[in-house]
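Undergrad: sequence and predicted model, in that order:
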Amino acid sequence: MPDFSFEKKLITSGHEIIAGVDEAGRGPLAGPVVAAAVILPRNFESVELDDSKKLSSARREKIYNNITSPHSNVIYAYSVVDEEQIDTINILRATHKAMAQAVLNLSIKPSFVIIDGMPVKDFPLPNDSIVKGDSKSLSIAAASIIAKVERDKLMLKYSKLYPDYKFEKHKGYGTKVHLEALDKFGPCKIHRKSFAPVKKFLV
């Protein structure tokens, strides 16, 4: 389970405000990538908070509602980079852009940022990257849940605009249902044209 050890070390070393950052949606064939940044209060405790990928959608929603409640004193922000930008600058750069923008959207500027995954080039604030950070750091785990829930909300809206693709079921990932819909209907506006399973329909 994630804990506060990374944050405590940074606070001990003189960093007052620590933000955790994570993203959702790097792998799908359709829709945006969403990143979230979270600053947890120092007295924050949770026995439920974990890597969003390990949780059911119902548990994610419950934890999301708890940590985004005004009574939680959690400071958070998120950023959305759409499929057009993903196709233009590539998914890695789009993910890094979303992460940086999520941090810049926070109402308080953090003194240090811990990021899930590999190092992020040209990040605008002092930072460190933690591989599998969403299962190690509470701040990153909270960011993973907010990013995932916010992206899922967007994909549910898209499912109503493009009902043939059943986005409500797979959120844009390359499942059998999704690939069968692509074969039958071809790509729609929110498909990532630079991704191989979609790109083949454009040649």
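TA: Received, thanks. Residues are numbered from 1 along each chain as shown.
Undergrad: hey, let's count contacts and neighbours off CA atoms from now on
TA: OK.
Undergrad: find the nearest non-adjacent residue to the most centrally placed residue in the chain, please.
TA: Against the mean C-alpha coordinate of the chain, by C-alpha atoms, centre = their mean, the closest residue is E23 at 2.4 Å. Ranked by C-alpha to C-alpha, 6 or more residues apart in numbering and with sequence neighbours excluded, the top spatial neighbour of E23 is A35, at 4.0 Å.
Undergrad: how about the one you found, phi and psi?
TA: phi -120, psi 150 (degrees, to the nearest 10).
Undergrad: wait, what's in contact with it?
TA: A35 makes contact with 21-24, 78-80, 95, 98-99, 102, 143-144, 147, according to C-alpha atoms under 8 Å, 6 or more residues apart in numbering.
Undergrad: before we move on, what SS does V21 have?
TA: Under the three-state scheme (DSSP: H, G, I helix; E, B strand; the rest coil), V21 adopts strand.
Undergrad: buried residues, the helix or strand hosting S139. List them.
TA: S139 is part of helix 138-161, with elements assigned from DSSP states H and E. Residues of helix 138-161 classed as buried: 138-152, 154-156, 158-159 (neighbour count, 16 or more other C-alpha atoms under 10 Å).
Undergrad: list the contacts for A142?
TA: If you count contacts by C-alpha under 8 Å, 6+ apart, then A142 has G20, V38, L49, D50, D51, Y64, I67, D134 around it.
Undergrad: cutoff 7 Å now
TA: In this structure, A142 makes contact with V38, L49, judged by C-alpha atoms under 7 Å, 6 or more residues apart in numbering.
Undergrad: so which elements touch the helix or strand bottoming out on mean pLDDT in the chain?
TA: Lowest by mean pLDDT, DSSP states H and E among the helices and strands of the chain is helix 57-68, with a mean of 92. Helix 57-68 is packed against helix 138-161, with contacts defined by 3 or more C-alpha pairs under 7 Å, 6 or more residues apart in numbering; DSSP states H and E.
Undergrad: next, the angle from the helix it packs on to helix 57-68.
TA: 120 degrees (axes from the mean of the first three to the mean of the last three C-alpha atoms, to 10 degrees).
Undergrad: show me what counts as buried in the helix or strand that helix 138-161 is followed by.
TA: Sequence-wise, the next helix or strand downstream of helix 138-161 (DSSP H and E) is helix 167-170. Of the residues in helix 167-170, F167, E168, H170 count as buried by neighbour count, 16+ other C-alpha under 10 Å.
Undergrad: all strands of the protein, in order?
TA: Ranges of strands within the chain are 18-24, 33-39, 75-81, 112-116, 127-130, based on DSSP state E.
Undergrad: if we can go back for a sec, output the helix holding S139 as PDB, restricted to C-alpha atoms.
TA: Taking Å, rounded to 0.1, in the frame of the first residue of the first chain, the C-alpha atoms of helix 138-161 are listed here in PDB:
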ATOM      1  CA  LEU A 138      -0.100   8.500  -1.200                       C
ATOM      2  CA  SER A 139       0.100  11.800  -3.100                       C
ATOM      3  CA  ILE A 140       0.700  10.000  -6.400                       C
ATOM      4  CA  ALA A 141      -2.000   7.400  -5.700                       C
ATOM      5  CA  ALA A 142      -4.500  10.200  -5.100                       C
ATOM      6  CA  ALA A 143      -3.400  11.800  -8.400                       C
ATOM      7  CA  SER A 144      -3.900   8.500 -10.200                       C
ATOM      8  CA  ILE A 145      -7.500   8.200  -8.900                       C
ATOM      9  CA  ILE A 146      -8.400  11.800  -9.900                       C
ATOM     10  CA  ALA A 147      -6.900  11.400 -13.300                       C
ATOM     11  CA  LYS A 148      -8.600   8.100 -14.000                       C
ATOM     12  CA  VAL A 149     -12.000   9.300 -12.800                       C
ATOM     13  CA  GLU A 150     -11.900  12.500 -14.700                       C
ATOM     14  CA  ARG A 151     -10.900  10.700 -17.900                       C
ATOM     15  CA  ASP A 152     -13.600   8.100 -17.400                       C
ATOM     16  CA  LYS A 153     -16.200  10.900 -17.100                       C
ATOM     17  CA  LEU A 154     -15.000  12.400 -20.400                       C
ATOM     18  CA  MET A 155     -15.200   9.000 -22.100                       C
ATOM     19  CA  LEU A 156     -18.700   8.500 -20.900                       C
ATOM     20  CA  LYS A 157     -19.700  11.800 -22.500                       C
ATOM     21  CA  TYR A 158     -18.000  10.600 -25.700                       C
ATOM     22  CA  SER A 159     -19.900   7.400 -25.600                       C
ATOM     23  CA  LYS A 160     -23.100   9.300 -26.000                       C
ATOM     24  CA  LEU A 161     -21.700  11.200 -29.000                       C
END
